[in-house]
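[1] coordinates only, no sequence provided:
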């Protein structure tokens, strides 16, 4: 931050604006400010006269005068002593701002658009312009001093007189404490002239340098500037030989060492020329005096040497003519070079190795808006505004090459220049200086930045548009004039079943080749500028499906106003169309339902939230003895007051969202007051466009006759149960009582065989065999009949029963039959543990396994037992590879005494599967068979898991 505060006068009658300006300025990191405030023009003129501010922020509208009047008065009173005036205007006062600039204001700011950055940047810019202007004025003043000094130097011919005067004049011009001129370098130096207010300090360090230097003399004690003085001689070997050096001592710190050093160097150059001129003149006077003496001494030899003089004069004449010819050629080459140099359209600057400008062409002065004299002798870095440019010109860091640098014109305007920096060498390869060619590329850079900005904006807009289109919930696609895809939405890919393929650049017709001709015609007409839309249209798919779509076609226009392509927006409304059709169908269905329900003697009705009839069929209307039409709009309590007392509380529950089913209503009606009638009713809420039901529906089925039938059925069931119990008792008793006489028949038959077989004839033996076989079959039939009658005679006790253990017991019991038939029994999935009766479960599995062994084919039986969970039940299956059965007999085999085969082919009583069915049903399950003739059979039965 600058150590010296900048005085700022704020002239504004609004305190809030002044507070805002103070806050902005206090946050500046570059400068500190002393702020003076005035509320009107009169006060501002007085304060400006008193404080001499560097910056004035002047409001255009003041209570006692206009800002332009105050601006003019400030400029007239102070005659440019004020550094800068910045006019503050409002929105729409741009013409006033222009007038203020013309009247002498350095800049203007619009208060409505003002912010901290804009205010601080404007003040910085004005202060920088002020510094540049002061630097230019200081340079012009020093240049004038050098010119005056050069003129006075030429007036002195005596070298010592010249040196004495020069040191005094330099001390006065530079304001230094001591100036000295030495002849010779290092230890051989000789003090020739001095001007000081005290003793001359030791110059040992300065004498060791052949370049301009500044040597600090110690902390707080100032510095010494030392510049070598060169003399230029005619022969090339001694050209620019160091003659001595010039020193200036400052016993206190100075502000601008660099500027004084530049002036010091210019003085030393002119001093070297004057010293050389004075010494040459002195040498010429000495030579003339010596020549007169020689002429007097050699007068007698004049005639002798005349011929020699003539020869010498001839040689001098020849050399003079040759020199004139060379000078003429040199002037011609110089003129040609100058013409070429000046005609180059780019700025060309030649600098010394110390980067001081030695010459420049006309394009340079035009580019930097200054005269050539303003640049020659100046350091090249006055043209730069950035540190990069200065760094490239720093001693030891100069890097020839091509650069882009920001330059400043004399007017303060900045521009970007492309710089070609080249090192210039003499014929011996020694560096002479640098050549810089500068071309103003500001317009090119501005155009390039504008192009890049426009491209960035275009990319951003294109990206935003693409993102919007891609994620819009509608099917949208944009095409060029050749109907090639530009952008499209994800919904487009989904609706047209195009997957995830990239469509960009592809033809519309290539992607959708089955486009109908009328659609192609519409696309071409749209490209001609027409717009089309359709709310409903059939869209056939390639697979034959028909969808319904809503579509729009719009052309889009390029920057020239021509049609650049078209935009297609479609929406598949098949679901909407179906819903619309379903709504219509539902209305018809509801009407048909009401009519059908009435035909089936089922009453239906729809009521609103006030229990008024919205719709009712005739069946329900007949209960009240009225027509269906006369119910519409009337309340239930009005039409059927007796029934309303029972059903209105139910209506309240339904309107809260509860569905009531199987509600039985019993009441007398006005049509049949002596008959108690029964209805089975259901009530359900009807939602329209809210989460709370606003309507309710009623379905009523009169069950008066059913109730009568149920009473009769209950009486019959009681009689049936009593009959079944008597029948079961009879079967059990009959089977039990038949066993004793059957045992006697079997015993006496065995006695006949044992005592009389072979003693009677052959026919007698056959009859006895028939008796024994019949007894055996009768015993088996009685045993099976007893088993069947036992199942269900009393309540069964259930226990947690592992079916795996039950099956293992069955396999052990059937082991003889398994071995005899080479049967294999396997379990596909583990059998579960279920609640069941152990005896009955064992009988069930044994009957099924025995059945698979009995009805085997020629192949050994392969029996597979499996179990799978089926909801709240387990499904058990027993599969075999036996002879199977015809599916039409799948139910018959579970009926007692039903057989599909003759007794001679397969033994049995026809009771085993009937027992299985009864056991499964007593456990709460069901049993069935799936089979084909010759392909085995699978018996399935289900048992509750809990």
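    Looks like it came in fine. Source: prediction; values computed, not measured. Numbering: from 1, shown residues only.
[2] C-alpha from now on. contacts and neighbour counts both.
    OK.
[3] quick one: mean pLDDT for stretch 710-724?
    Averaging pLDDT along stretch 710-724 yields 74.
[4] end-to-end on stretch 809-817?
    14 Å (CA to CA, to the nearest Å).
[5] buried residues in that stretch?
    For stretch 809-817, a neighbour-count test (16 or more other CA atoms under 10 Å) marks 810, 811 as buried.
[6] can you offset everything so residue one is 809?
    Yes, from this point I'll number from 809; that puts the last item at stretch 1617-1625.
[7] can you list contacts of it?
    1650, 1653, 1654, 1658, 1661 (CA atoms under 8 Å, 6 or more residues apart in numbering).
[8] now these as CSV including pLDDT, secondary structure and neighbour count?
    Listed next are the contacts of stretch 1617-1625 as CSV, based on pLDDT from 0 to 100; DSSP: H, G, I helix; E, B strand; the rest coil; neighbours: other CA atoms under 10 Å:
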residue, pLDDT, secondary structure, neighbour count
1650, 85, helix, 17
1653, 90, helix, 20
1654, 86, helix, 21
1658, 87, helix, 16
1661, 88, helix, 24
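[9] can you tell me which of the residues you listed lies nearest to residue 1089?
    Nearest to residue 1089 out of the contacts of stretch 1617-1625 is residue 1653 (CA to CA; 149.4 Å).
[10] relative to residue 1614, how far out is the closest one?
    For residue 1653 relative to residue 1614 (CA to CA), the value is 8 Å.
[11] equivalent analysis for residue 1285, please.
    71 Å.
[12] shouldn't residue 1236 be within a helix?
    No: according to DSSP: H, G, I helix; E, B strand; the rest coil, residue 1236 belongs to no helix; its state is coil.
[13] compare neighbour counts for residue 1285 and residue 1614 and give me the winner.
    residue 1285 (22 against 17; other CA atoms under 10 Å).
[14] so what's that one up against?
    Residues counted as contacts of residue 1285 (CA under 8 Å, 6+ apart) are 1277, 1293, 1294, 1295, 1296, 1297, 1300, 1375, 1376, 1377.
[15] quickly find the element holding it.
    Secondary structure from DSSP states H and E places residue 1285 in strand 1283-1288.
[16] gap between that strand and the chain center?
    Here strand 1283-1288 is found 23 Å from its chain centre; the criterion is CA atoms, centre = their mean, to the nearest Å.
[17] before we move on, what about stretch 1129-1137?
    79 Å.
[18] how close does residue 1562 get to residue 1549?
    20 Å.
[19] cool, and residue 980?
    Residue 980 is 168 Å from residue 1549, by CA to CA.
[20] tell me which of these two has more neighbours.
    More crowded of residue 980 and residue 1549, by other CA under 10 Å: residue 980, with 14 against 10.
[21] check whether that one sits in a helix, strand or coil.
    Per three-state DSSP, residue 980 ends up helix.
[22] contact partners for it?
    Taking CA under 8 Å, 6+ apart as the definition, residue 980 has no contacts.
[23] try residue 1224
    So residue 1224 contacts 1212, 1213, 1214, 1215, 1248, 1249, 1250, 1253 (CA under 8 Å, 6+ apart).
[24] turn the buried ones among the residues you listed into a named ChimeraX selection, would you?
    In ChimeraX syntax, the buried subset of these is picked out as below (16+ other CA under 10 Å):
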select :1212,1213,1214,1215,1248,1249
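[25] return the subset of the contacts of residue 1224 lying in helices.
    Residues of the contacts of residue 1224 located in helices (DSSP state H): 1250, 1253.
[26] give me the phi and psi for residue 1348.
    In terms of degrees, to the nearest 10, the main-chain angles of residue 1348 are phi -80, psi 130.
[27] now do the SS call for the residue with the largest distance to the centre of the chain.
    Here the chain reaches farthest from its C-alpha mean at residue 1567, the gap being 113.3 Å by CA atoms, centre = their mean. Following three-state DSSP, the label given to residue 1567 is coil.
[28] so how far is residue 1574 from it?
    Taken as CA to CA, the span from residue 1567 to residue 1574 is 13 Å.
[29] before we move on, what about residue 1187?
    Distance of residue 1187 to residue 1574, computed by CA to CA: 151 Å.
[30] need the contact list for residue 1038.
    1048, 1049, 1050, 1051, 1052, 1077, 1080.
[31] do I have it right that the fifth one meets residue 1001?
    Meaning residue 1052. No: the criterion here is CA atoms under 8 Å, and residue 1052 misses it with residue 1001 at 11.8 Å.
[32] tell me how many other residues surround residue 1231.
    Neighbours of residue 1231 (other CA under 10 Å): 17.
[33] can you confirm it is in a strand?
    Yes: assignment of residue 1231 by three-state DSSP places it within a strand.
[34] these two touch, right, it and residue 1242?
    Yes: contact criterion CA under 8 Å: residue 1231 and residue 1242 qualify, at 4.6 Å.
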